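S.K.: have a look at this prediction, sequence included:
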Amino acid sequence: MVKRVTFKPAAAHAWTLLWLLLAGWSLPASAGWFDDEPALVVTVNNAYIDVYTGPGRGYPVFHALENGEPITLLKSRAGWIKIATERGLEGWVKRDQMQYTLGPDGLAPDFVDEYRSDAVVGRFEVGAALGDFGGADSVGLSLGYRFTRNFTLEADYSQQAGRYSDSEVMALGLLHQPFPEWRVSPFLRIGGGTIKVSPSATLVDTEDREDPVLQASLGTYVYLSRRFFLRVEYRNHHLLTTRENNEEVSEWRVGFNAFF
């Protein structure tokens with residue numbers, strides 16, 4: 001008889017949800033300016049720019065920046081930028097009003113959300129997800145390394161609990177994100193590894209089997225803060241079995257990832 005470890009989906013799901021809660025609690029709710037770069041100072045290039053007490057239209061205007069006045073950009077949040085004047089006054093300005101400012105080079109600064117692209121290059125990405133693997137419950141963990149603004153090398157481990165069998169998948173993949181600066185940013189992923197299937201039949205002796213697997217994925221990141229995001233993914237698994245016909249399994253998964 002083949003000895004195998006019993007899969008415990010409830011415990012795995014609980015561990016995953018605990019990780020998600022800890023990750024969400026530990027990361028800031030809003031996006032700050034780059035931690036490793038000096039604050040950006042721009043000059044107002046318009047008759048005036050309204051300054052609000054908070055990041056929203058519901059907050060009142062309490063100050064107006066004058067033409068030629070230098071301001072320091074402190075942090076960004078959902079279409080708003082927190083600024084500070086030379087006199088120490090702090091408030092919030094609509095992000096689109098930054099087109100009426102000039103940077104140190106004398107040009108209007110480009111406020112593409114690079115904190116979701118260039119700022120994460122050279123960082124690790126950890127994630128956890130729940131999903132459906134061909135009708136079986138699935139839980140997965142991943143660890144990636146963003147080596148360019150568009151490409152991530154990712155290691156992935158997942159377990160599946162089905163009615164007739166359990167399985168484990170270990171794979172290595174390359175993820176391409178063509179538009180990393182978008183808040184809702186699609187990606188493509190290809191990878192490969194192994195799948196170990198453990199039949200759960202009890203009436204007859206069955207053996208575990210291990211086969212190579214190829215993967216192709218399509219998904220999207222939905223950024224919730226600077227380094228914390230929702231990840232939704234459809235993944236196709238192509239099992240290269242020793243039988244006459246190979247097998248294909250479709251998987252849907254959703255989870256949370258974070259850069260560190």
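M.R.: Now that the structure is in, tell me what you want to look at.

S.K.: where are the low-confidence patches of the chain?
M.R.: Scanning the chain for pLDDT under 70 picks out the ranges 1-38, 78, 110-119, 201-206, 226, 243-244.

S.K.: need the helices for it, in chain order.
M.R.: Listed in chain order, the helices of the chain (DSSP state H) span residues 9-26.

S.K.: now do residue 179 against residue 124, distance only.
M.R.: Computed as C-beta to C-beta, to the nearest Å, the residue 179 to residue 124 distance reads 21 Å. For glycine as for every other residue, the C-beta is placed from the backbone atoms N, C-alpha and C.

S.K.: likewise for residue 156?
M.R.: Note on residue 156: its distance to residue 124, by C-beta to C-beta, is 14 Å.

S.K.: same thing with residue 82?
M.R.: According to C-beta to C-beta, residue 82 and residue 124 sit 28 Å apart.

S.K.: which of the two has more residues huddled nearby?
M.R.: residue 82 (21 against 13; other C-beta atoms under 10 Å).

S.K.: leaving out chain neighbours, which residue sits closest to the more buried one?
M.R.: Nearest non-adjacent residue to residue 82, counting by C-beta to C-beta, 6 or more residues apart in numbering: residue 74, 4.3 Å away.

S.K.: right, and the one you found touches residue 80 too?
M.R.: No - counting by C-beta atoms under 8 Å, residue 74 sits too far from residue 80 to count as a contact (11.1 Å).

S.K.: ok, those two, which is more surrounded?
M.R.: It is residue 80, of residue 74 and residue 80, that has more neighbours when counted by other C-beta under 10 Å, with 22 against 15.

S.K.: and the residue nearest to the more buried one when sequence neighbours are not counted, how many neighbours?
M.R.: Distance criterion C-beta to C-beta, 6+ apart; nearest residue to residue 80, sequence neighbours excluded, is residue 55 at 3.7 Å. Here the count is done by other C-beta under 10 Å, and residue 55 has 21 residues near it.

S.K.: list phi and psi for residue 55.
M.R.: phi -80, psi 70 (degrees, to the nearest 10).

S.K.: what distance do you get for it to residue 75?
M.R.: When distance is defined by C-beta to C-beta, residue 55 is 9 Å away from residue 75.

S.K.: what does residue 155 give?
M.R.: Distance, residue 155 to residue 75, using C-beta to C-beta: 33 Å.

S.K.: residue 197 - nearest residue in space that isn't next to it in sequence?
M.R.: If the residues on either side of it in the chain are set aside, residue 197 comes closest to residue 167, at 4.7 Å by C-beta to C-beta, 6+ apart.

S.K.: partners of the one you found in the sheet?
M.R.: residue 160, residue 197 (DSSP bridges).

S.K.: got it, and residue 190?
M.R.: For residue 190, the beta-bridge partners are residue 174, residue 216 (DSSP bridges).

S.K.: which residues touch it?
M.R.: Applying C-beta atoms under 8 Å, 6 or more residues apart in numbering, we find residue 190 in contact with 173, 174, 215, 216, 217.

S.K.: burial count for the last one?
M.R.: The one in question is residue 217. Neighbour tally, residue 217, other C-beta under 10 Å: 19.

S.K.: same question for residue 257.
M.R.: For residue 257, the count of nearby residues is 19 (other C-beta under 10 Å).

S.K.: list the residues that contact the residue lying closest to it once chain neighbours are set aside.
M.R.: The shortest distance from residue 257 to any non-neighbouring residue, by C-beta to C-beta, 6+ apart, is to residue 127 (3.5 Å). The neighbours of residue 127, taking C-beta under 8 Å, 6+ apart as the test, are 141, 142, 143, 144, 231, 255, 256, 257, 258.

S.K.: so the fourth one bridges to which residues?
M.R.: Residues found in beta-bridge contact with residue 144 (criterion: DSSP bridges) are residue 125, residue 154.

S.K.: what about it, distance to residue 127?
M.R.: According to C-beta to C-beta, residue 144 and residue 127 sit 8 Å apart.

S.K.: from memory residue 174 sits against residue 188, does it?
M.R.: No - here residue 174 lies out of contact with residue 188, judged by C-beta under 8 Å, at a distance of 9.2 Å.
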